[in-house]
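# just the structure for this:
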Amino acid sequence: MSTINAKLVELLDRVAHGQVSPDDARKQIESGGEHHVGYARIDTDRLRRCGLPEAIFSPGKTVGQIAGILRAMREAGQNGMATRVTQEQADAIGKEIPEIVYHPDARIVTLDTVPLPAPVGLVSVVCAGTSDIPVAAEAALTAERMGARVEALYDVGVAGLHRLLRHVDALRASRVVVVVAGMEGALPSVVGGLLDRPLIAVPTSIGYGAGQGGFAALLAMLNSCVPGITVVNIDNGYGAGVAAALINRNQ
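Model (predicted):
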């Protein structure tokens, strides 16, 4: 039984024994999907409703705010995850919550309260260059924490296409493929022309001046002549990882 269901059973038992009035129980149930901590309203019902807990987007938040939201999620019996966390932020959060784990490649902090789901299926995460790894690692870790078995293939961009071609058979075994690329953003079109699997393309902000911080890669992916490619926003590894895990889960 999940923590959320256990708390509901406990509340109903208290109503049955006259410890809580039906009206008070109704109010608790109606507000049960939200944990208000002053500066944030944490959606603790998202796990039941959408199949994934709320994630903390760290830029713009103080260390105290990030730690406070992580604590609230732990109190709700859910695993916490904060994205785009710097090493300095992670060190400071760790002083407040020693149990956190920092994943530097993905720039993610995690705080686990319950076991993660057993990995199933297969999501492949491919990135063009080493500079794209932070976004690719964010996608990979996100999908993994949502119950996907993940395999990563890094630094196989079109500048050396032979590096990719030797892995095509392995990619064809995947349920879904995430392709991360900056510069001219050509890699998703190449991969998409070789596979019969759902493909999620992620443009990154890596590139020179005319790349406009990933805008050139975004436009290239949106205008791909390969049908069926889905494109997320620039540097949105988290969004790609969620989408990939949902596709993987429902196949």
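# quick check: closest non-adjacent residue to A201.
Leaving aside its sequence neighbours, A201 sits nearest to P188 (Cβ to Cβ, 6 or more residues apart in numbering; 3.7 Å). C-beta here means a position set from N, CA and C on the backbone, and glycine is covered the same way.
# burial measure for the one you found, as a count.
Using other Cβ atoms under 10 Å, P188 has 28 neighbouring residues.
# next: E144.
20.
# H103 versus that one, what's the distance?
Going from E144 to H103 by Cβ to Cβ, to the nearest Å gives 10 Å.
# and stretch 64-76, how far out from the chain middle?
Distance of stretch 64-76 from its chain centroid, counting by Cα atoms, centre = their mean, to the nearest Å, is 18 Å.
# coming back round to it: for the residue nearest to A201, give me the pLDDT.
Per-residue pLDDT puts P188 at 96.
# do the same with H17
For H17, pLDDT reads 82.
# need the phi and psi values for it.
phi -100, psi 10 (degrees, to the nearest 10).
# which residues does it contact?
Shown in contact with H17 (Cβ atoms under 8 Å, 6 or more residues apart in numbering): no residues.
# likewise for A186?
Contacts of A186 (Cβ under 8 Å, 6+ apart): V158, A220.
# distance check, it against C127.
From A186 to C127 the distance is 13 Å (Cβ to Cβ).
# how near is the nearest residue to I234 once chain neighbours are set aside to L195?
Leaving aside its chain neighbours, I234 sits nearest to G214 (3.8 Å; criterion: Cβ to Cβ, 6+ apart). Computed with Cβ to Cβ, the distance linking G214 and L195 is 24 Å.
# between these two, which one's more packed in?
Neighbours per residue (other Cβ under 10 Å) separate G214 from L195, with G214 holding more: 22 against 18.
# dihedrals phi and psi, that one?
The phi/psi pair for G214 (degrees, to the nearest 10) is phi 100, psi -10.
# give the next helix or strand downstream of the helix or strand encompassing the residue nearest to A201.
According to DSSP states H and E, P188 maps onto helix 187-192. Counting by DSSP H and E, the next helix or strand C-terminal to helix 187-192 is strand 199-203.
# where are the low-confidence patches of this structure?
1-8, 10-11, 20, 24-36 (pLDDT under 70).
# and if we set it to 80?
Low-confidence segments of the chain (pLDDT under 80): 1-15, 19-21, 23-45, 47-50, 251.
# domain assignment for it?
Dividing the chain into domains by automatic domain parsing, as the record does, gives the ranges 1-32, 34-115, 120-249.
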